[in-house]
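# What shape does this take:
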Amino acid sequence: MRYLLALAFLLIPFGAHAQPERRPPTPAEEAFARGYTAIMEGDTLAAITAFEEAYHLDSLLAGAAYNLGLLAARRGDHEAAIPWYARALRALTITDPGPPIVGEDPWASDYLDTVLGLLYAGAELFQQGRLDEARPASEAVLAAVPHHRDALYNLALTLYRQEEWNALVAVAERLVAVDPLNYNARVVLFNAHRGQFEASGEAEDRLRALAVLDSADALPIRIEDVRLRTLNDTTTVAGSYVRGRAEPGTPIRLTFTLLDPHGLHPEGSVILTAPADDETATFTLPVWTRRVPLSYRYRVVE
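Prediction:
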């Protein structure tokens, strides 16, 4: 298993997506604006002071919390960044995002940036061996987006290193439910049950581990990768897969559900054809979406 996050991406401060207001700004918004200006001018101390003031005045001002997390991450204090990102994510989750603007979705962009900030901070701490400090990053994402695949994988790897087998079983079962045709997801669950057996010596734990391994070997195809890309009002689900136990040419129908914290769950179905042994096949599935989806799950339709 590996931590599922590319570390080379740019985090930008909230404020870049802001739309013109038709009303006078609140005191919290005025403090936020001073903080954003200070960031643009390179005055970090002034920015921190202004954003802390803004957050104190309005704890639902997600941009203030996010930018405080971003500034902590920029100075290498990823442990301090995580609770600020988590506060931003909670604020975004309970705030009415309003209707998307044609061709863009500022709320979803801010939400995705905050999730990436949490995963990035967690990955940095994990690589430093600071497992207890890394774990809250994935947990914060999953509290807001329970089916977030990368956060589930990252939390599973942390629990594996911590040898917390019972907790790992629960997370791995969620991972298999989200990504049922992924061989590695079932290996995570196998390792969790194997860890339980090694700790307890109970025959039932060993049998559970072997049953999971058998189910992994019996997969008709193996989904290796799934990515979401949204343009305007369409999200394209794209992925790759290889043959499992299905005979080449066997059709397998999948239904994908795209998930949004505010309850929008558009679905789309695609039929995959089992490839030959030495081939990797790809698929794309366009789904109409009102908002940028934040995660997905899929199921096999018999």
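# isn't Gly35 right up against Ala64?
Yes. Using Cβ atoms under 8 Å, Gly35 is in contact with Ala64, at 7.0 Å. Where C-beta positions appear, they are placed from N, C-alpha and C, glycine not excepted.
# shared neighbours of those two, which are they?
Phe51, Ala54 (Cβ atoms under 8 Å, 6 or more residues apart in numbering).
# Sketch out the low-pLDDT regions of the stretch 51-200 of the chain for me.
Counting by pLDDT under 70, the ranges of the stretch 51-200 of the chain that qualify are 99-104.
# Okay, helices next: where are they in it?
62-74, 78-94, 106-127, 131-144, 149-162, 165-178, 183-200 (DSSP state H, counting those that start in this stretch).
# Would you mind finding the most buried of the ones you listed?
helix 62-74 (a mean of 25; mean count of other Cβ atoms under 10 Å).
# Check which helices and strands that helix sits against.
Contacts defined by 3 or more Cβ pairs under 8 Å, 6 or more residues apart in numbering; DSSP states H and E place helix 62-74 against helix 27-40, helix 44-57, helix 78-94, helix 106-127.
# starting at the chain centroid, how far to the third one?
In terms of Cα atoms, centre = their mean, to the nearest Å, the gap separating the centre of helix 78-94 from the centre of its chain is 14 Å.
# now swap in the last one and tell me
Centre-to-centre, helix 106-127 and its host chain are 8 Å apart (Cα atoms, centre = their mean).
# elements contacting that helix?
Here helix 106-127 touches helix 62-74, helix 78-94, helix 131-144, helix 149-162, going by 3+ Cβ pairs under 8 Å, 6+ apart.
# Is it possible to get a markdown table of those that adds distance to Glu302?
Listed next are those as a markdown table, based on distance: least, Cβ to Cβ, whole Å:
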| stretch | distance to Glu302 |
| --- | --- |
| helix 62-74 | 42 |
| helix 78-94 | 35 |
| helix 131-144 | 29 |
| helix 149-162 | 23 |
